[in-house]
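>>> What follows is a predicted structure for the sequence shown.
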Amino acid sequence: MAAQRILFFCSVVAVRLQACTVCHTDTGRQVRAGIFSSDFPLILSAMLLPFVILLAIIAVIYFGAPLSKPLRRVGRTV
Amino acid sequence: MNPRPLIAAGTLLGIGMGGFLDGIVFHQILQLHNMLTGIRPKVTLADAEINMFWDGLFHALTWLMTAFGIMTLFKAGGRSDVPWSGKALFGSMLMGWGGFNFVEGLIDHNILGIHHVVESAGLSIFDHLFLASGVLLVLAGWTQTRGILRRG
């Protein structure tokens, strides 16, 4: 029974270490190499691109489009 | 009156929540795709973890969008010149969600191909439906929001 518990504990710990991205295991090293490869800037740019475009749209909504007329403001007394 | 801050806040919240919905439902619960499965399929544990890393960055960005949305909404709430309309907020959230689906789908699925809605099918009808859902959500949001824009 004790041996089974030790085996269970070791297997759980081993899986946890293997699945850890920043750990010094073979898998961890493979993961880091895969993430920070020469493609990293390209993939990062690809992932950021939709958000940059969406933020630009938000800026247009908030500040108005460049060279456009401002929104008609009503409900104010002069 | 100036509805722009309210609409911007709602749109930001819609982008953030739309992104979370995509990440939670498609990436995590259904696991139909992950961020890079179009160029790095999940064959090994390392591949799955690399995809998980990029999924995490994606979720971090959607979290930032949501946080900006809450901040913008809070600031808008303190301004007397910003109309306070739940309908316009809901509509702009739909527009944000639709905008996210359309822009993210067009760039990541259709143009770059870094992932697809159903990765096993590649670029498929599901990607086109995702784009269509974006357009429909923007239109649905617009119908809710246009009233406040007309009033100014």
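Looks like it arrived, so ask away.
>>> Could you use CA atoms for every contact and neighbour count after this?
Fine.
>>> So what's the residue count around residue 5?
Assuming you mean chain A. 10 (other C-alpha atoms under 10 Å in any protein chain shown).
>>> Let me rephrase: I mean chain B.
B:P5: 24 neighbours (other C-alpha under 10 Å).
>>> how about the longest helix that chain A contains, does it reach chain B?
Counting residues, the longest helix in chain A under DSSP state H turns out to be helix A:40-63. Yes. Applying C-alpha under 8 Å from any C-alpha of the partner chain, one finds helix A:40-63 touching chain B at A:46-47, A:49-51, A:53-54, A:58-59, A:61-63.
>>> what packs against that helix?
helix B:4-21, helix B:86-104 (3 or more C-alpha pairs under 8 Å, 6 or more residues apart in numbering or on different chains; DSSP states H and E).
>>> buried residues in the shortest one?
Going back to what we said before, that points to helix B:4-21. Within helix B:4-21, the residues that qualify as buried are B:4-20, counting by 16 or more other C-alpha atoms under 10 Å in any protein chain shown.
>>> Over to the longest one?
Judged by neighbour count (16+ other C-alpha under 10 Å), helix B:86-104 contains these buried residues: B:88-104.
>>> and the longest helix of chain A, C-alpha only, in CSV?
Extracted in CSV, the C-alpha atoms of helix A:40-63 (Å, rounded to 0.1, in the frame of the first residue of the first chain):
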residue,chain,number,x,y,z
PHE,A,40,8.4,34.5,-32.4
PRO,A,41,8.2,38.1,-33.6
LEU,A,42,6.2,37.1,-36.6
ILE,A,43,3.7,35.0,-34.6
LEU,A,44,3.4,37.8,-32.0
SER,A,45,2.7,40.3,-34.7
ALA,A,46,0.1,38.1,-36.2
MET,A,47,-1.6,37.7,-32.8
LEU,A,48,-1.5,41.4,-32.0
LEU,A,49,-2.7,42.6,-35.5
PRO,A,50,-6.5,42.0,-34.9
PHE,A,51,-6.3,43.8,-31.6
VAL,A,52,-4.4,46.7,-33.1
ILE,A,53,-7.0,47.1,-35.8
LEU,A,54,-9.8,46.8,-33.2
LEU,A,55,-8.2,49.5,-31.0
ALA,A,56,-7.9,51.7,-34.1
ILE,A,57,-11.7,51.3,-34.6
ILE,A,58,-12.2,52.1,-30.9
ALA,A,59,-10.1,55.3,-31.3
VAL,A,60,-12.3,56.3,-34.3
ILE,A,61,-15.5,55.7,-32.3
TYR,A,62,-14.1,57.7,-29.3
PHE,A,63,-12.4,60.6,-31.0
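>>> which residues touch it?
Contacts of helix A:40-63 with the rest of the structure, by C-alpha atoms under 8 Å, 6 or more residues apart in numbering or on different chains, involve A:66, B:4-5, B:7-8, B:11-12, B:58, B:61, B:99-100, B:103-104, B:107-108, B:112.
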